[in-house]
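> coords please:
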Amino acid sequence: MSWLLKFSISSLLVIFTVPFSQSMSVGQVTSEFTIEDRLNAASLFEGTFSNALSIQRGDFLLRVTKRFDSTKMVTPTDTLIVEDEKYFRVRFDHISQQTLAVRLYKNSLLHEPLNNESELSFDEGQSAAGLLFNGDQMFTRRLPDKLVKLQEDAPRAKILSMIGIPEIRAVGMVTFGGTGQFAQAENAIERLGSGDSISGLSKLINGKQTIELEVSRAEMKQTFAMVFRMDAERMLPLQREILLKTKTKRSMISEEKIDWVERDGVYLPSKILKRNNSQKVHKGMTYFSVVDTTAALHWFSVNKPFKADAYDKSYLEDTDKMMKLVDVVASKATTLLEADKSKENENKNTASSPE
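Residues are numbered from 1 along each chain as shown. A predicted model of the protein is given here:
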């Protein structure tokens, strides 16, 4: 059932994720429930997918920050810290099959040597790429190269994946961070909606319910639990966990928390917190770590008609216009600007507070 599991199997046997909280259950999960209970719980996933399908047009700026902070297992004093920051501007119209997307990638690498010197080395890199689907015309660009026109039969899903554009409508249904995931979400909901995979349910408390599904990987002789904390009134996932199950314990593999906002009758993801285990190879050494990811979105519009020039190729031909799309200030992404201001004030208060 790979439609449910999207994480690194190779590293999960080495290190497990420390959860955001000890337990996300709103009530005791039990394996004793009626067929009606199971079908009612399964309908919540169908509601999630129905909401996703109702997002036909949209324009958002997504900022994804990821921190990998690892102490190598053999030599605890040797630390690798990697901080990634990505920006995605996506303007889409699924009715007319139009998409304009730009990705800006930033990377800062800090490596503390074995001798514990106070200075850290920085390796900074930045890259930007974009794509445009407008009718039968398709263009891509990777800075500093010029705009390239693609053949009409070029596979759109593959191009989106190559550029790294996320499918934001799949949030909560599949693990955050992948590309081209809506087909995966559709397959998952088809199975989740039947309720056959549900192995545990909590009672409905304050409009919230915990739903557990059991997933087996026969080729690895392992069993996993997927646990959803659902908002039953809005029919949305608030939290999603993947755990490795043994006869004696359950170990966290990944966890996501999702905030939603309502705009024009649909619910949109506004913030995702994700924690998972991972590994990196740097200068021939392998490092293991828990990775914390924060994704924040500003929605410029949803299900509103766009201006006539919204998908003009000049957005990619003109480097300045292209970079302004992923600039928080230039694009007036107020949600992200307010978050930055709040964080800045918090840092000032922390720095000024007495020890």
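> can you pull out the strands in the stretch 251-355 of the chain?
Counting by DSSP state E, counting those that start in this stretch, one finds strands in the stretch 251-355 of the chain at the ranges 266-282, 285-302.
> so for residue 164, which of these sits nearest?
Smallest distance to residue 164 across the strands of the stretch 251-355 of the chain (Cβ to Cβ): 13.4 Å, for strand 285-302. C-beta here means a position set from N, CA and C on the backbone, and glycine is covered the same way.
> for this protein, give me the ranges with low pLDDT.
Along the chain, the parts satisfying pLDDT under 70 run over 1-27, 71-78, 108-125, 178-181, 193-194, 218-220, 348-355.
> residues in contact with residue 337?
Counting by Cβ atoms under 8 Å, 6 or more residues apart in numbering, residue 337 makes contact with 328, 329.
> the helices in the stretch 1-150 of the chain, which residues?
Secondary structure of the stretch 1-150 of the chain (DSSP state H, counting those that start in this stretch): helices at 9-12, 35-53.
> picking that back up, select, out of the strands of the stretch 251-355 of the chain, the one closest to residue 196.
Taking those one by one with Cβ to Cβ, strand 266-282 is closest: 26.2 Å.
> tell me what the closest one is packed against?
Applying 3 or more Cβ pairs under 8 Å, 6 or more residues apart in numbering; DSSP states H and E, one finds that strand 266-282 contacts helix 9-12, strand 57-71, strand 79-93, strand 250-263, strand 285-302.
> can I get the CA coordinates of it in CSV?
Written as CSV, here are the backbone C-alpha positions of strand 266-282 (Å, rounded to 0.1, in the frame of the first residue of the first chain):
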residue,chain,number,x,y,z
VAL,A,266,-13.4,26.4,0.9
TYR,A,267,-10.7,25.5,3.4
LEU,A,268,-7.1,26.2,2.5
PRO,A,269,-3.9,25.0,4.3
SER,A,270,-2.2,27.9,5.9
LYS,A,271,0.6,26.3,7.9
ILE,A,272,2.2,22.8,8.1
LEU,A,273,4.6,21.6,10.7
LYS,A,274,6.4,18.4,9.9
ARG,A,275,8.9,16.3,11.8
ASN,A,276,10.5,13.2,10.4
ASN,A,277,13.8,11.2,10.5
SER,A,278,16.4,11.5,7.8
GLN,A,279,20.0,11.0,6.9
LYS,A,280,22.6,12.9,4.8
VAL,A,281,26.0,12.0,3.4
HIS,A,282,28.5,14.9,3.7
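> much appreciated, bye for now.
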